[in-house]
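In: How does the following fold in three dimensions:
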Amino acid sequence: MTESETVKRLRIAVHPDLSFKAGQWVDFFIPGVEKVGGFSMCSSPGLLQREGIIELAVKYTKHPPAHWVHTVCTVGSRVAMRVGGDFYFDPMPSDPSVDLLLVAGGVGINPLYSVLLHTSDLLHLNQSSGGRDYNIGSAHLCYSAKNTQELLFKSSIIEKCGEFPNKLSCNFHVTQQRAEVEPHLQPFVRGGRISEEELQANVDPQRTLCYLCGPPLMIEAISKTLLDLGLPKDRILFEKWW
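Out: Model prediction:
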């Protein structure tokens with residue numbers, strides 16, 4: 001599936017023994033390709049439980065595994081995978097409630113989209129159990145990309161926020177937008193980088209847990225801002241991709 005001009009989304013049927021936590025990545029072993037790929041899951045653990053499927057979104061590069069995904073991979077291609085990574089959101093039903101702040105830059109959205117989908121799944125579980133399962137707080141996503149074309153999963157993100165409007169929210173930040181923003185996106189789109197004001201509005205040092213994924217310079221700048229806003233260092237988790 002084409003997710004944007006530069007990103008392909010793969011749906012992979014996996015062995016029943018495979019499991020992962022929202023936010024983790026896979027080592028991706030392709031027959032005949034020496035280099036190992038490293039890609040974050042962009043689906044929820046719930047989709048794996050329900051359908052035996054995981055999804056990956058892979059940006060086009062000349063790196064052999066990504067190049068293979070874009071030029072060779074077809075329905076029926078077989079690969080091997082190994083799950084890894086200690087960047088994940090996996091609360092237990094008895095854990096105290098936290099408010100999530102998810103900050104993504106570019107393809108750094110992948111693991112955070114998985115976390116957002118998992119949060120939505122847990123909110124549905126909480127609803128169906130009459131509030132007995134999973135004490136889930138809120139989640140706010142700040143997602144920055146060059147333009148709205150490069151915002152992956154945007155329609156699905158807006159849809160999830162619409163299902164739980166008092167729990168899930170998002171802002172899309174575009175730094176080099178030339179074209180008119182489509183009407184359905186307009187309420188969510190902001191020009192320019194993620195601001196200190198927006199971060200401040202979504203940080204409570206006692207309750208907020210922040211997950212960051214994107215280019216290293218962005219992560220360093222936002223981590224510093226969050227520390228300045230009083231968020232303890234152990235509540236700022238990040239994955240540097242580039």
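
In: How about the contacts made by residue 163?
Out: Contact analysis of residue 163 by CB atoms under 8 Å, 6 or more residues apart in numbering lists 120, 123. C-beta coordinates here come from the backbone N, C-alpha and C atoms, glycine included.

In: Quick one: list the elements packing against the helix or strand residue 12 falls within.
Out: Residue 12 belongs to strand 7-13 when assigned by DSSP states H and E. Applying 3 or more CB pairs under 8 Å, 6 or more residues apart in numbering; DSSP states H and E, one finds that strand 7-13 contacts strand 53-59, helix 64-71.

In: residues near the nearest residue to residue 27 once chain neighbours are set aside, how many?
Out: Distances taken as CB to CB, 6 or more residues apart in numbering put residue 82 closest to residue 27, at 4.5 Å, once the chain neighbours are dropped. If you count neighbours by other CB atoms under 10 Å, residue 82 ends up with 11.

In: So in that sheet, which strands flank the host helix or strand of residue 82, and in what orientation?
Out: Applying DSSP H and E as the criterion places residue 82 in strand 80-84. Strand 80-84 sits in its sheet next to strand 25-29 (antiparallel), going by DSSP bridges.

In: So for the partner strand, mean pLDDT?
Out: Average pLDDT, strand 25-29: 95.

In: Which is the succeeding secondary structure element to that strand?
Out: Going down the chain from strand 25-29, the next helix or strand is strand 37-40, by DSSP H and E.

In: for this structure, what spans make up the helices?
Out: Secondary structure of the chain (DSSP state H): helices located at 45-51, 64-71, 109-128, 154-163, 196-201, 216-228.

In: could those go into JSON lines alongside distance to residue 136?
Out: Formatted as JSON lines, the helices of the chain follow (distance: least, CB to CB, whole Å):
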{"stretch": "helix 45-51", "distance to residue 136": "14"}
{"stretch": "helix 64-71", "distance to residue 136": "33"}
{"stretch": "helix 109-128", "distance to residue 136": "5"}
{"stretch": "helix 154-163", "distance to residue 136": "13"}
{"stretch": "helix 196-201", "distance to residue 136": "20"}
{"stretch": "helix 216-228", "distance to residue 136": "21"}
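
In: Need the winner for burial among those helices.
Out: Highest mean neighbour count among the helices of the chain (mean count of other CB atoms under 10 Å): helix 109-128, with a mean of 22.

In: who does that helix touch, helix- and strand-wise?
Out: strand 37-40, helix 45-51, strand 53-59, strand 99-105, strand 139-145, helix 154-163, strand 168-174, strand 208-214.

In: What does the pLDDT read for the residue sitting furthest away from the middle of the chain?
Out: Farthest-out residue of the chain from its mean C-alpha position, per CA atoms, centre = their mean: residue 32, at 29.7 Å. pLDDT for residue 32: 94.

In: cool, and residue 242?
Out: In the prediction, the pLDDT value recorded for residue 242 is 50.

In: give me every residue that touches residue 22.
Out: 41, 44, 45, 88, 89, 90, 111, 114, 115, 117, 118, 119.

In: which one of those residues is nearest residue 176?
Out: Comparing the contacts of residue 22 against residue 176 with CB to CB places residue 111 closest, at 23.9 Å.

In: re the thing from before, possible to save the helices of the chain as TSV with mean pLDDT?
Out: Formatted as TSV, the helices of the chain follow (pLDDT from 0 to 100):
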stretch	mean pLDDT
helix 45-51	96
helix 64-71	96
helix 109-128	95
helix 154-163	96
helix 196-201	95
helix 216-228	96
